[in-house]
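Below is the sequence, then the predicted model.
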Amino acid sequence: MKPLVYTSPYAWFFWAVFLFAYVPEFGLVARSRPAQGEKADRGSMMVIMLAGWIGMVGAFMVAGIPAFMITIGQKTWFVAGLAALLGGRLLRRHCWRMLGKHFTGDVKASADQPVIEEGVYRWVRHPSYSGGMLMYLGTGLALTNWMSALIITIAGGAAYLYRVRVEEQALQANLGSRYQEYMRRTKRFVPFVF
């Protein structure tokens, strides 16, 4: 049995959703250029890109290995994966709208920057990264392979954890007590949990 993403018509659905979700991410990365001498990012954008590529390649490499394939309810897992991928994309899009010009690919913070507490930012400090993780998990599930889901989610999760540490240090340094108060009221990725 092959993963559904390698058979028609499922492959068409997968690649349409996959491209819809990920192509805008490349535009964000292309616009991400730290200013001359700026060090706030500390390489976190490169870490995210590298982890994403490693996770993605790894996920696709093991997708066809029968020992790791999800065969029971394969179509249900495929659809759930696509739904998670789309959900993650929509969540990231919402974050882009909420942050506006402050949504950047590399870490930037300035003292005059507002602390955004509208939309999903009421409950979570980094919903964009939650959306990214949902996209990675969705990709792995759509491949109907538990090892694919594990590889891509762990790679992405490790990169986002590093990125959050870097970003929160920059935001605290530039926004001070306003951001620290916001940190006390909200969770990082999942409302009321983590």
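Right, received. Where do you want to start?

For stretch 163-177, buried residues please.
Of the residues in stretch 163-177, 163-164, 166-168, 170-171, 174-175 count as buried by neighbour count, 16 or more other C-beta atoms under 10 Å. For glycine as for every other residue, the C-beta is placed from the backbone atoms N, C-alpha and C.

cool, and stretch 146-165?
Buried-residue list, stretch 146-165, by 16+ other C-beta under 10 Å: 146-153, 155-157, 159-160, 162-164.

Give me the contact list for that stretch.
With contacts defined as C-beta atoms under 8 Å, 6 or more residues apart in numbering, stretch 146-165 is touched by 44, 47-48, 50-52, 54-56, 58-60, 62-63, 65, 68, 70, 81, 107, 126, 129, 132-133, 136-137, 139-141, 143, 188.

for it, the distance to its chain's centre please.
Between the centre of stretch 146-165 and the centre of its chain there are 9 Å (C-alpha atoms, centre = their mean, to the nearest Å).

returning to that earlier point: from the buried residues of stretch 146-165, pick the one nearest Pro3.
Ser148 (8.3 Å; C-beta to C-beta).

And for the closest one, nearest residue in space, chain neighbours not counted?
If the residues on either side of it in the chain are set aside, Ser148 comes closest to Ala59, at 3.9 Å by C-beta to C-beta, 6 or more residues apart in numbering.

Distance of that neighbour relative to Thr71?
18 Å (C-beta to C-beta, to the nearest Å).

now swap in Pro191 and tell me
34 Å.

Of these two, which one has the most company?
A side-by-side neighbour count of Pro191 and Thr71, using other C-beta atoms under 10 Å, places Pro191 first with 13 against 9.

show me what contacts the nearest residue to the more buried one once chain neighbours are set aside?
Among residues not flanking Pro191 along the chain, Trp123 sits closest, at 3.8 Å (C-beta to C-beta, 6+ apart). Counting by C-beta under 8 Å, 6+ apart, Trp123 makes contact with 186-187, 191-192.

Tell me what Lys187 is bridged to.
Counting by DSSP bridges, Lys187 is bridged to Val124.

Just the C-alphas of stretch 175-188, formatted as CSV.
Extracted in CSV, the C-alpha atoms of stretch 175-188 (Å, rounded to 0.1, in the frame of the first residue of the first chain):
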residue,chain,number,x,y,z
LEU,A,175,9.4,46.6,25.4
GLY,A,176,10.3,46.0,29.0
SER,A,177,7.6,45.7,31.6
ARG,A,178,4.8,45.9,28.9
TYR,A,179,5.9,42.7,27.4
GLN,A,180,6.7,41.0,30.7
GLU,A,181,3.2,41.7,31.9
TYR,A,182,1.8,40.2,28.7
MET,A,183,4.0,37.1,29.3
ARG,A,184,2.5,36.6,32.7
ARG,A,185,-1.0,36.6,31.3
THR,A,186,-0.5,34.4,28.3
LYS,A,187,0.9,31.0,27.3
ARG,A,188,3.5,30.5,24.5
